[in-house]
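1. I need the structure of the sequence given here:
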Amino acid sequence: MDTKRILAEAKTRRDATAKYLSDMIKVPGFSCTEKDRIAVIRRLCEEAGMEDIHVDGLGSLLGRVGNGPKKLVIDAHIDTVGVGDPARWKKPPHSGDIEGGLVHGRGASDQLGGAASMIAAASILKTLGYAGDYTVWFAFTVIEEDCDGLCWKHLIEEEKFVPDLFVSTEPTSCRLYRGHRGRMEIQIDIRGLSAHGSAPERGVSAAYRASRAALALEKLNTELKPDDDGFLGKGTIVVSQMKVQGPSQCAVPDQAMLYCDRRLTWGETDKLAISQVEKALRGAGVEEFTVKMPEYRQAAYTGKVFPQELYFPTWKTPADHHLVRSGVEAYKGLYGDEPIVDKWTFSTNAVAVAGRHGIPCIGFGPGDEAQAHAPNEINRIDDLEKCAAFYAALPWALEATR
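-> Residues are numbered from 1 along each chain as shown. Predicted coordinates for the structure are as follows:
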């Protein structure tokens, strides 16, 4: 691995990498509406010299460098959340302005910065003539913000495209990540008995039952335990939505719904989480309720519907795994220091690749996790350059640390 050459090539592409990111930001691409942004990225991939560039049935774009027997996949989701209140933005959310060593706009860190660095890395690998043990696939995936991992569940289960190793380029502040908690969504439906509001004693208020349920879940959150080694931390549950309705505003409400975000630490599953909720509600005296896990069922921009339950399993890759050790060696070879090895707070596409299918994963990405979904989102051009070099160096490091 010629680290000096890789660093020099990344520096040469510094301005171009920032421009790649700017070009992507300027074309909005929310979940299920990414078609125009995919077209922009396809052009950039072609210019970088990728081969076998193609779009899968759900709309994700893939291209490769090299032709080795093993698949190393480097992934960036290219959909973004909405912009929220435009008045909170100092620059237009889709300006893509490049100023002061920063690129500005929605998706700059979450997660278009990773995509820009991937394209630069592909160009570096082509220039250096990489022809090692790995086919390096670059995946620009869709619908992650709506349903993380759905794109990779589709690629693995429907398209039979199975990586040997996987790198997420979600923002890590150029740290090396090897896991994160899983998550699931839980819906609780509660029934009451309606009566005229002038005589509430004749009815059973679904609002009061829902209130007791919410307080029971607040208590449950305090009782959840961390994983055995303390790496991922404790699970959490929070009521994210609460709705109550009845026949009129002058009636005892007979229907309530609570929607929960449940974060799952190592060893926690969907069945365990649902059983905990049911037990907590019964313990609080809540009656006539059902607990279920909803399903995601939205058409991709291609028109395809690929439903899945809203369950995203926990994952972590052991610190001594070949992929983690190779990531450490790639970083040390480039920058002379040990990387910080840590975990994400939020969830990524690795819930499908590692969580569902047990494929080893790491994360290394430009930008900060705290920028995700926030107004005035930015990414550092320094990070873009650093990550481009890391992605280019990793295939050689994997071969050197066998």
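2. which stretches of the chain have low pLDDT?
-> Low-confidence regions of the chain, defined here as pLDDT under 70, do not occur.
3. now do 90
-> Across the chain, the ranges flagged by pLDDT under 90 are 1, 401-402.
4. for the stretch 1-150 of the chain, what spans make up the helices?
-> Chain-ordered helices for the stretch 1-150 of the chain, with DSSP state H, counting those that start in this stretch as the definition, fall at 3-12, 14-25, 35-48, 113-127, 150-157.
5. just say which of the ones you listed is most tucked in.
-> Sort the helices of the stretch 1-150 of the chain by mean neighbour count, taking mean count of other C-beta atoms under 10 Å, and helix 113-127 sits at the top with a mean of 28. Every residue, glycine included, has its C-beta placed from N, CA and C.
6. contacts only, for the nearest residue to L224 once chain neighbours are set aside.
-> Closest residue in space to L224, ignoring its immediate chain neighbours: G235 at 4.3 Å, by C-beta to C-beta, 6 or more residues apart in numbering. Contact analysis of G235 by C-beta atoms under 8 Å, 6 or more residues apart in numbering lists 181, 224-225, 262-265, 268, 273.
7. run the last query once more with 7 Å
-> For G235, the set of contacting residues under the criterion of C-beta atoms under 7 Å, 6 or more residues apart in numbering consists of 181, 224, 263-265, 268.
8. which of those residues lies closest to T348?
-> Using C-beta to C-beta, R181 is the member of these that lies nearest T348, at 10.8 Å.
9. test my guess that that closest one contacts K234.
-> No. Under the contact definition of C-beta atoms under 7 Å, R181 does not touch K234, with a separation of 8.8 Å.
10. identify the contacts common to those two.
-> Shared contacts of R181 and K234, counting by C-beta under 7 Å, 6+ apart, come down to T265.
11. can you give me the neighbour number for A87?
-> Under the neighbour criterion other C-beta atoms under 10 Å, A87 is assigned a count of 6.
12. and whatever helix or strand V239 lives in, what's buried?
-> With elements delineated by DSSP states H and E, V239 resides in strand 236-245, which encompasses its position. Burial within strand 236-245, assessed by neighbour count using 16 or more other C-beta atoms under 10 Å, is assigned to 236-237, 239, 242, 244.
13. give me the distance from that strand to the chain's centre.
-> Using C-alpha atoms, centre = their mean, to the nearest Å, we find the averaged C-alpha position of strand 236-245 to lie 23 Å away from the chain's own average C-alpha position.
14. what are the pairing partners of it, and which direction each?
-> Using DSSP bridges, the strands paired with strand 236-245 are strand 255-264 (antiparallel).
15. now the partner strand: how far from the chain's centre is it?
-> For strand 255-264, the gap between its own C-alpha mean and the chain's C-alpha mean amounts to 20 Å (C-alpha atoms, centre = their mean).
16. please apply the same query to stretch 327-340.
-> 24 Å.
17. returning to that earlier point: quick one: the residue nearest to L224 and E144, what's the gap?
-> 22 Å (C-beta to C-beta, to the nearest Å).
18. please apply the same query to G129.
-> Distance, G129 to E144, by C-beta to C-beta: 33 Å.
19. those two: who's more crowded?
-> Under the neighbour definition other C-beta under 10 Å, G129 and E144 were set side by side, and E144 has more, 27 against 8.
20. list the contacts for that one?
-> If you count contacts by C-beta under 7 Å, 6+ apart, then E144 has 77, 79, 151, 349 around it.
21. what about C32, how many neighbours?
-> Look at C32: counted by other C-beta under 10 Å, it has 19 neighbours.
22. returning to that earlier point: mind checking which of the contacts of E144 land in strands?
-> Judged by DSSP state E, those include H77 as members of strands.
23. give me the buried subset of the contacts of E144.
-> Among the contacts of E144, the ones that count as buried by 16+ other C-beta under 10 Å are 77, 79, 151, 349.
24. quickly note the distance from the spatially most central residue of the chain to Q255.
-> The central residue of the chain, meaning the one whose C-alpha is nearest the mean C-alpha position (C-alpha atoms, centre = their mean), is T348 at 2.5 Å. Applying C-beta to C-beta, the value for T348 to Q255 is 35 Å.
25. again with L193
-> Following C-beta to C-beta, the distance that separates L193 from Q255 is 11 Å.
26. helix or strand right after the host helix or strand of Q187?
-> Mapping Q187 onto the secondary structure by DSSP H and E places it in strand 182-191. With elements assigned by DSSP H and E, the helix or strand that comes after strand 182-191 is helix 206-223.
27. tell me if C174 really is in a strand.
-> No. When classified by DSSP: H, G, I helix; E, B strand; the rest coil, C174 is found to be coil rather than part of a strand.
28. show me what contacts it?
-> Under the criterion of C-beta under 7 Å, 6+ apart, the neighbours of C174 are 364, 366, 383, 386-387.
29. apply 10 Å and report the result again.
-> Residues near C174 by C-beta atoms under 10 Å, 6 or more residues apart in numbering: 331, 335, 339-340, 364-368, 380, 382-384, 386-387, 390.
30. ok, G49 next?
-> When contacts are counted by C-beta under 10 Å, 6+ apart, G49 touches 63, 65, 122-123, 125-127.
31. go with 8 Å
-> Residues 65, 122-123, 126 are the ones in contact with G49 under the rule C-beta under 8 Å, 6+ apart.
32. what does N379 give?
-> Residues near N379 by C-beta under 8 Å, 6+ apart: 21, 102-103, 108-109, 113, 171, 366-367, 371.
33. still on that earlier bit, neighbour-wise, which of R181 and K234 wins?
-> R181 (27 against 16).
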